[in-house]
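**Student:** Build me a model:
(3 chains)
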Amino acid sequence: MKKLVKFPLILLGIAAGFFVVTFTIYIFNLDMKATSLLAPFLEKWYDKLERKNYI
Amino acid sequence: MVGYARTFRQSENGGKIKTMRDLKHLKYFEDLLQTAHNELIAKAKEDGKVCVAYTCENVPEPLLNLDRAVSVRLSAPNTGSMDIATYYMTNLLCEPSRALLERAIEGGFNFADCVITPDGCTMMNRSVENMELLHTMGKDNPHFFHEYMEIAFKNTESDVQLAVLQCTNHILKPLQKHYGIDVSDAAIRKAVEEHNRLCRLIRAIGDFRREEKPRITGYEFHVLCLATYMCPKYLVLDKLEETLEELKTREPDEKPWRARVLLVGSEMDDSGFVKLVEESGAYVCCDRFCFGSYPGRIEIELNDEEDALTQVCRHYIRNCQCPRMMNQEKVYGRKQYVADLAKEYGADGVIYEQVKFCDPWAYERTLGSAMLHTDFGYPVLSVDRPYNIASSVGQMRTRVQAFVESIEIKKIQRGGKA
Amino acid sequence: MKTVEKIINPVKRAGEQSPGKIYDEKLKVRARREWRGLKDTLYDYTRWLYLMSVLGRFIIVPRNVKGFFRYRWMMSYLFVPHGMDKFTIGLRDEALRIAHTSFNFVIADVTQAIANCFRGDRRVGNDKAYSDKCVITDENSMVTFMMGFDKEKVHTILREVPTMFASNIFHQFNVMHYLDVAQQYGIPGDVCPMPEAEAGISIDDDFCVLGCCAVQNNTTCDGSLMGNGIIAKRLEREYGIPTFQLATPLRHKEPDVLDYAAREIRKAIAFVEEHTGEKWDWDKYFAAARRVNDATRCRIAQLEINSTPYPQFFGAAFSLYNDTNYMGNSGRDPQFVEIDHKLLALAEQGYRAKRMYAKEYRHRAIVWGVQPQYIIDQLYWLLQCWGVMPLADMLSIINTDMIAEEDTPENREQAYRDMAMLNMEMIMRNHTHGGYKVLLDDLWELCEKMNADIVMMWEHMSCKALTGMHGMFEEQARERGIHLMWVSHDLCDPRVFTRQAIRDQVNNYMRTVMREEPLDPSLENIPDSEAY
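**Tutor:** Now for the predicted structure:
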């Protein structure tokens, strides 16, 4: 019986945690802020790739 | 760059030296090109001709010269300010299109009895549309009309069918309806015959450019050829024939040119550009630009098995070297054509030129100059220029001179003389 | 001058009243997301989760990761949520749901398109069996010639959409590199950046290499036509992918070009059949035709709602959704039908409730001209900052005729003409080419029909078809008493006109000519010229 009550509570806890974390990322735009930090490194990566440029 | 009485080149010590004897009618043709509404157009009007104005080489010329119709290619020589046209079209469109609109607004094309415009390039199309909306022409002519037509995109029989339909609907029928022009098959064949006569003359004159010591300069040839577009053809034939006879006995210059170049690109209304190239030491041995001799002055061969209109359309499509012909056979074919001409005329290098802001030639110049160099091994100079070269003579001369020197160096490196 | 009735929103907008305040000039993205009131913020948050799931499902596939690190344009897609925020600025209620429904679907579609590219790409997935059934199309190409092929058996790869078209929406600087490459190789800078960038991508070897054949089109314009040669050369000579150039006549209002255009469609179909080994299926075609008609009806209904005082589906969402549906889909994908009807239901709901999406509607604008990809969200800004409602844009004013949808012998012949007509009337080109009447007269008719008092004219400086009529636009607008607001830009090159420089053209017009103050001063100057 205790497990029957506990399991949904655990799920609820996980869901609540998921919501808090993701909503925080969402509302403070942390996803895009992180991406904008990553972008310059990616640009350097693409600049270094060897390509066959010609017309 | 007008009114030059003599053709000259720089001597080794920097002075100018007189070379070949002047062509008797060169000044006459040069003067004709100074104004859009030249004396021959005035004469044609007096003769009761119908002046069919047009702007694009893709329109089959013989169809504009049927019966009493005469074709006149619109141009705007000695264009200075284009302020009004720039207001209507902005300074982002090519100068020829704006120059034409400016001239139209000034009343410079009032001789035209109709204007036939293909939707070949956007800018020229917009230029003529502005002319129409501003009612720049035909104010006193109740029969005046504007026609816009589709032109072929590829070298296929389907495109020939399209061209035939377009020419019928937008050239022949309107000419017949508004001016009673005879547009029959016989009339077309007669116009082709006259067109071919002109082409033979131009070809014969142009063939002298193949010579190692040519007896006609590229500039002189350009003037003569351009006049055949800007003036009613029937009025230039006699002087062209005389010029051909004169050339047969003309003594060429003894001193060879430093380099021979093939000039490729968009329309060349300004002979001054050709003169500038030659003053820089490069002989313009052949031309492949809009309203030049290739392909515009190639004879049209007709047979009796098929109607003349279809054959004329097929000729124009097959020979068309306009960059807007889009199938890959044409895309590669244009470069092969240039390479073949360069070989035939003994060109050492190729100059790809375009008028500033011309979209089709912007890409064609890029691909052409790359392929002529990598695939065919020709040195290439790739430039853009204003409609009237007078505004950037110094810059262009520097570029061409540097190109000529590079050709000379390459010749030395190959073991030949400079 | 023409005037329209000002409408004041009786309902105070929930949440953020000044969305301009969430921009931070030190950041290249917003300081935070917009608070839209509890209900709409939670809705927006769930849509953000959905987008994350779409991106997440994409990136867990190993070959997609490989593709991500191979192709520069992929970096833009890291900023998809940022793009979504731009397109929902100030929106609530139905308009927010409409923007999300349409955009999310488009994003999912583009993501799938990228995944398909990588699957067949010789450098990435190298699934040869898949690649051998792929047909590449080029920049701004209608895919009507693919309507009768089973999309499970023959795959249409619109290569330019993810590389240039969509990528510039999410990352304003991403296309600059390709423009620089193209110009380095000699293409002048005054040509339209869209085909120039496409050529630059090809020169830079940054296109996925897949497909058994390619169909190129001369739409939209001279630049598109000309860029094909450079791209085809590489496809054919280096990669052995044969190309077919589908010629689409320009004088689309003239009946004497239709048969030629229909013949070209036949040839394109035959070309695809030859190279894919698959046959044209009339059942598939007429099913797609029915969907095209359905989409047309939905779009007409949306425009009718937008003609009322309470437009619902407007702005970048409307424009980009129509582009995708009309051009990229051409009736082939049944999913669009459901989305069309959902969007229409939302619009009707919003209309019945008389929903408004700004404090006031002061003006009603038709947006004409070619829009800049990197600031297409300006249409929402226009509404929020100045109360100018963008009713419709030129790219959304497309074919309104029904095409034959019943399979009969006569209709099979008509089908080629229908496909040809759709091709000729493709987005943008149906107004920029075909004569001045479709550019000028159509605009004034639309202003009359939708009761617009302003035309916001996107003046794409490299679009000669449009700029060539600059003077006529001015004269004719003056004759009709319509305010004509010129907004210059260079399509996908933000160096020529920055975002703020573009907005300032509107700001200056509204202040000096209209003598108005902004509805939301926080939006007048946004420090986003360096932002993604």
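**Student:** For the stretch 51-200 of chain C, which residue gets nearest to chain B?
**Tutor:** C:Gly186 (4.0 Å; CB to the nearest CB). Using the backbone N, CA and C atoms, a C-beta is placed for each residue, glycine as well.
**Student:** which residues does that residue contact?
**Tutor:** Contact partners of C:Gly186, counting by CB atoms under 8 Å, 6 or more residues apart in numbering or on different chains, are A:55, B:365-366, B:369-370, B:382.
**Student:** So what touches the helix or strand B:Ser71 falls within?
**Tutor:** Element membership for B:Ser71 (DSSP states H and E) is strand B:69-73. Here strand B:69-73 makes contact (CB under 8 Å, 6+ apart) with B:41, B:44, B:49-55, B:61, B:64-65, B:111-112, B:175, B:179, B:181, B:229-234, B:291.
**Student:** Quick check: neighbours of it in the sheet, parallel or antiparallel?
**Tutor:** strand B:50-54 (parallel) (DSSP bridges).
**Student:** And the residue nearest the centre of the chain?
**Tutor:** Unless you meant another one, I'm taking chain A. Against the mean C-alpha coordinate of chain A, by CA atoms, centre = their mean, the closest residue is A:Asp31 at 6.0 Å.
**Student:** nope, chain C
**Tutor:** Most central in chain C (CA atoms, centre = their mean) works out to C:Leu320, at 3.6 Å.
**Student:** Could you list the buried residues of the longest helix along chain A?
**Tutor:** The longest helix of chain A (DSSP state H) is helix A:2-27. Neighbour-count burial for helix A:2-27, counted by 16 or more other CB atoms under 10 Å in any protein chain shown, picks out A:22, A:25-27.
**Student:** The stretch 301-450 of chain C: strands as residue ranges?
**Tutor:** Listed in chain order, the strands of the stretch 301-450 of chain C (DSSP state E, counting those that start in this stretch) span C:360-361, C:363-369, C:388-393.
**Student:** swap that for the stretch 151-300 of chain C, sorry
**Tutor:** Under DSSP E, counting those that start in this stretch, the stretch 151-300 of chain C gives strands at C:155-158, C:213-217, C:243-246.
**Student:** Setting the sequence-adjacent residues aside, check what's closest to the closest residue to chain B within the stretch 251-400 of chain C.
**Tutor:** Going by CB to the nearest CB, chain B is nearest to C:Tyr260 of the stretch 251-400 of chain C, at 4.1 Å. Once flanking residues are discounted, C:Tyr260 sits nearest to B:Leu162: 4.1 Å by CB to CB, 6 or more residues apart in numbering or on different chains.
**Student:** At the contact with chain C, which residues of chain A appear?
**Tutor:** By the rule CB under 8 Å from any CB of the partner chain, the part of chain A lying against chain C is A:22-23, A:26-29, A:31-33, A:35-36, A:38-39, A:42-43, A:45-46, A:49, A:51-55.
**Student:** if we take the contacts of C:Gly186, which one ends up nearest to C:Trp282?
**Tutor:** The nearest member of those to C:Trp282, counting by CB to CB, is A:Ile55 at 41.6 Å.
**Student:** Shouldn't B:Glu245 be within a strand?
**Tutor:** No: counting by DSSP: H, G, I helix; E, B strand; the rest coil, B:Glu245 is located in no strand; its state is helix.
**Student:** Number of residues surrounding it?
**Tutor:** 11 (other CB atoms under 10 Å in any protein chain shown).
**Student:** Regarding chain C, what is its longest helix?
**Tutor:** Assignment by DSSP H; longest helix in chain C turns out to be helix C:93-120.
**Student:** pLDDT below threshold where in the stretch 301-418 of chain B?
**Tutor:** B:416-418 (pLDDT under 70).
**Student:** who in it is up against chain A?
**Tutor:** Near chain A, when you scan the stretch 301-418 of chain B using CB under 8 Å from any CB, you find B:366-367, B:370-371.
**Student:** Any chance of CSV for those, columns neighbour count and secondary structure?
**Tutor:** Converted to CSV, those look like this (neighbours: other CB atoms under 10 Å in any protein chain shown; DSSP: H, G, I helix; E, B strand; the rest coil):
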residue, neighbour count, secondary structure
B:Thr366, 27, helix
B:Leu367, 25, helix
B:Ala370, 21, helix
B:Met371, 22, helix
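**Student:** ok, the residues you listed vs chain A, which is closest?
**Tutor:** B:Ala370 (4.2 Å).
**Student:** Quick one: residues contacting the closest residue to chain C within the stretch 151-300 of chain B.
**Tutor:** In the stretch 151-300 of chain B, the residue that lies nearest chain C is B:Phe153 (3.6 Å; CB to the nearest CB). Contacts for B:Phe153 (CB under 8 Å, 6+ apart) come out as B:159, B:324-327, C:218, C:245, C:247.
**Student:** which non-adjacent residue is nearest the closest residue to chain B within chain A?
**Tutor:** With CB to the nearest CB as the measure, A:Ile55 is the residue of chain A nearest to chain B, at 4.2 Å. In this structure, A:Ile55 finds its nearest non-sequential neighbour in B:Ala370, 4.2 Å apart by CB to CB, 6+ apart.
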